[in-house]
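Okay, predicted coordinates and the sequence, questions at the end:
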Amino acid sequence: MTILGSHDEELTAEERAAIADEARPGVWIEEHVILAAEQNDGKPIVDRRGDGRVLDQAQTDSAIAAALFRLAGPAEQESVLRTVIASLKCDRPIDGVTSKSTGKVFATDQRGGIHSDELVRLLAFRAWGDRDRRWFERQEDRKRLAIEKVNEMIALGMLVVPR
């Protein structure tokens, strides 16, 4: 996927609008493949720890930066990394969630958030359009998704509801 664009192209009206967006925290949604299917008897392992909690701005910036780096093609990963590197230094793990290997879990995917850096906002718009603006504006979808996520976690035994 090409998200950098060329230096000599004019920005579109949509790109200018994305740059002008105000930064805002997103919601933690993790649904990316963490282990290739060929390493798990043909079935991909998908990380679904994101529980819909609101992230702070630094966590949101870090999650957006991580997603952009994952989406960048091999030819542009170095340039994307140089653009987003400051965002990847978030040292605030997700409260109450632990990893067996490191003990800490950091958000690497989110919805609804807008990055605090204008250039990264432009890259995010080129990568996934106005997905986060639309997602944030659809309050009913957000509520439904959070409820579904909680119900899924209950069904999987990841969340116990006191009776």
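Great, that's in hand.

how far away is residue 24 from residue 86?
Applying C-beta to C-beta, to the nearest Å, the value for residue 24 to residue 86 is 18 Å. C-betas here are computed from N, CA, C, even on glycine.

same check, this time on residue 19
Distance from residue 19 to residue 86, by C-beta to C-beta: 17 Å.

Once you drop chain neighbours, what's closest to the most centrally placed residue in the chain?
For the chain, the residue nearest the mean C-alpha position is residue 109 (2.3 Å; C-alpha atoms, centre = their mean). Leaving aside its sequence neighbours, residue 109 sits nearest to residue 30 (C-beta to C-beta, 6 or more residues apart in numbering; 4.9 Å).

what about the one you found, how many neighbours?
Counted by other C-beta atoms under 10 Å, the residues lying close to residue 30 total 19.

what about it, which helix or strand?
For residue 30, there is no host helix or strand (DSSP states H and E).

doesn't residue 50 make contact with it?
Yes. Under the criterion of C-beta atoms under 8 Å, residue 30 makes contact with residue 50 at 3.4 Å.

which residues do these two both contact?
Common contact partners of residue 30 and residue 50 (C-beta atoms under 8 Å, 6 or more residues apart in numbering): 107, 109.

list the buried ones in stretch 146-163?
Buried residues in stretch 146-163, counted by 16 or more other C-beta atoms under 10 Å: 149, 153.

Dump that stretch to PDB, keeping only the CA atoms.
Coordinates of each C-alpha in stretch 146-163 appear next as PDB, following Å, rounded to 0.1, in the frame of the first residue of the first chain:
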ATOM      1  CA  ALA A 146     -18.700  -2.100  22.700                       C
ATOM      2  CA  ILE A 147     -21.700  -4.200  23.800                       C
ATOM      3  CA  GLU A 148     -20.800  -6.900  21.200                       C
ATOM      4  CA  LYS A 149     -17.200  -6.900  22.400                       C
ATOM      5  CA  VAL A 150     -18.300  -7.300  26.100                       C
ATOM      6  CA  ASN A 151     -20.700 -10.100  25.100                       C
ATOM      7  CA  GLU A 152     -17.900 -11.800  23.100                       C
ATOM      8  CA  MET A 153     -15.500 -11.500  26.100                       C
ATOM      9  CA  ILE A 154     -18.200 -12.900  28.400                       C
ATOM     10  CA  ALA A 155     -18.800 -15.800  26.000                       C
ATOM     11  CA  LEU A 156     -15.100 -16.600  25.800                       C
ATOM     12  CA  GLY A 157     -14.700 -16.500  29.500                       C
ATOM     13  CA  MET A 158     -12.400 -13.400  29.300                       C
ATOM     14  CA  LEU A 159     -14.800 -11.300  31.400                       C
ATOM     15  CA  VAL A 160     -16.900 -12.500  34.300                       C
ATOM     16  CA  VAL A 161     -20.000 -10.600  35.200                       C
ATOM     17  CA  PRO A 162     -21.000 -10.700  38.900                       C
ATOM     18  CA  ARG A 163     -24.400 -12.200  39.500                       C
END
